[in-house]
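Chemist: output the structure for:
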Amino acid sequence: MITRDTGIRYALIGLIAVTLVSTSGCGWFRSKKDPYKNAPENRPLEIPPDLDQPKTDPTMQIPTVKRASNAPANAGASISSVPQALVNEGQFVLADTLDSAWRRVGLALDRMDGVTVGTRSEALGTTEVAYKGQTFLIRLRAQANTTEISAVSTDGRSLAGGPAAELLGLLKTRLG
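Modeler: Numbers count the residues shown, from 1 in each chain. Predicted coordinates:
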């Protein structure tokens, strides 16, 4: 009887040993070359030599625009040459960078009475506000060294009157 139990014991130990060796030995059969390191997705980006620099041929030049003889002398003035002035109804230009203007406009809106600030998206340059029963967006756009601040409806139409224009006027005086 002793030999039968011993034989089963040895068979069980042998089975466990074979199982352990076969499951842990996967690394023995693997290649040491690390094929994933040579995959096409991991190679550095190669830029063709003709795409390193922009073309400078005459066809890529921006043409000059001639001013009409009856146009006023300051008609060619850019928005940046008129800082803090109203450009059109529903917008004004702030002589500040976009990052600084974003911070300043956010603080000004937070501190204004009657203004409820909703969602803000710095990536889009918009702040949702509710003022005097109307909900609209205050949009900031960078222009050279200035920032254009405008009011637009939630569907993207420019707002030139009503509570939006009134809030823009308050913003302009507060930021000025």
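Chemist: all the helices of the protein, in order from the start?
Modeler: Along the chain, counting by DSSP state H, helices occupy 2-24, 26-29, 98-111, 162-175.
Chemist: avg pLDDT for the last one?
Modeler: On average, the pLDDT along helix 162-175 is 90.
Chemist: and it, what's buried?
Modeler: Of all the residues in helix 162-175, those buried under the rule 16 or more other C-beta atoms under 10 Å are 163-165, 167-168, 170-172, 175. C-beta here means a position set from N, CA and C on the backbone, and glycine is covered the same way.
Chemist: the residue most central in space within the chain and Leu12, how far apart?
Modeler: Relative to the mean C-alpha position of the chain, the nearest C-alpha, by C-alpha atoms, centre = their mean, is the one of Ala123, at 4.0 Å. Distance of Ala123 to Leu12, given as C-beta to C-beta, to the nearest Å: 65 Å.
Chemist: what of Glu128?
Modeler: 71 Å.
Chemist: neighbour-wise, which of the two wins?
Modeler: For Glu128 versus Leu12, neighbours defined as other C-beta atoms under 10 Å are more numerous around Glu128 (15 against 10).
Chemist: grab the nearest non-local neighbour of that one.
Modeler: Leaving aside its sequence neighbours, Glu128 sits nearest to Gly118 (C-beta to C-beta, 6 or more residues apart in numbering; 3.5 Å).
Chemist: counting neighbours, what do you get for that neighbour?
Modeler: A count of nearby residues for Gly118, using other C-beta under 10 Å, gives 10.
Chemist: pull the contacting residues for it.
Modeler: Shown in contact with Gly118 (C-beta atoms under 8 Å, 6 or more residues apart in numbering): 127-130, 135.
Chemist: now which of the residues you listed would you call buried?
Modeler: Among the contacts of Gly118, those buried by neighbour count (16+ other C-beta under 10 Å) are 127, 129.
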